[in-house]
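Enquirer: sequence and predicted structure below; questions after.
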Amino acid sequence: MAQILDVTDATFEDQVLQSDTPVLVDFWAEWCAPCRQLSPTLKDLAGEYDGKLRVVKIDVDANQAITAKLDVRAMPTLLFFKNGQVRGQLVGNQPRSTLVKEIDQLLAS
């Protein structure tokens, strides 16, 4: 099963912006209850889309530079990247069906 990689300010460019594979980035915080509720769904999707989509997470408290640069203000925020560009955004705990729709659109684009 695919792993969800922890990304930092230092590794964001290499792991996300330069990725050949589309990336779903989960901006989360330890204190955020909706973030914890979303986590099992993201783990399932990482396995389901293994090889087609990378799922990574960024702790906003520990990585404030990239969080500020991308103007992330609410947790959880999911940003969808393809070819180094933001192609979609979802804020808050989303149902699986919404995530699947967004991922499928990203992969089809």
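Expert: Right, received. Where do you want to start? Numbers count the residues shown, from 1 in each chain.
Enquirer: which parts of the protein are helices?
Expert: Ranges of helices in the chain, per DSSP state H, are 12, 33-48, 64-69, 96-108.
Enquirer: export the third one as CSV, just CAs?
Expert: It refers to helix 64-69. The C-alpha coordinates for helix 64-69 follow below in CSV (Å, rounded to 0.1, in the frame of the first residue of the first chain):
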residue,chain,number,x,y,z
GLN,A,64,5.0,28.0,8.0
ALA,A,65,7.0,29.2,5.0
ILE,A,66,5.3,27.1,2.3
THR,A,67,1.9,27.4,4.1
ALA,A,68,2.2,31.2,3.9
LYS,A,69,3.5,31.2,0.4
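Enquirer: just how off-centre is that helix within its chain?
Expert: In this view, helix 64-69 has its centroid 14 Å away from the chain centroid, taken as CA atoms, centre = their mean, to the nearest Å.
Enquirer: pLDDT (mean, whole number) over stretch 6-16?
Expert: For stretch 6-16, mean pLDDT rounds to 98.
Enquirer: excluding chain neighbours, what is closest to Lys82?
Expert: Pro22 (4.5 Å; CB to CB, 6 or more residues apart in numbering). Backbone N, C-alpha and C define where each C-beta goes, glycine included.
Enquirer: so where's this protein uncertain?
Expert: 1 (pLDDT under 70).
Enquirer: show me what contacts Asp6?
Expert: Val56, Lys57, Ile58, Asp59 (CB atoms under 8 Å, 6 or more residues apart in numbering).
Enquirer: tell me the buried residues within the residues you listed.
Expert: With burial judged by 16 or more other CB atoms under 10 Å, the buried subset of the contacts of Asp6 is Val56, Lys57, Ile58, Asp59.
Enquirer: contacts only, for Thr41.
Expert: Contacts of Thr41 (CB under 8 Å, 6+ apart): Arg96, Leu99.
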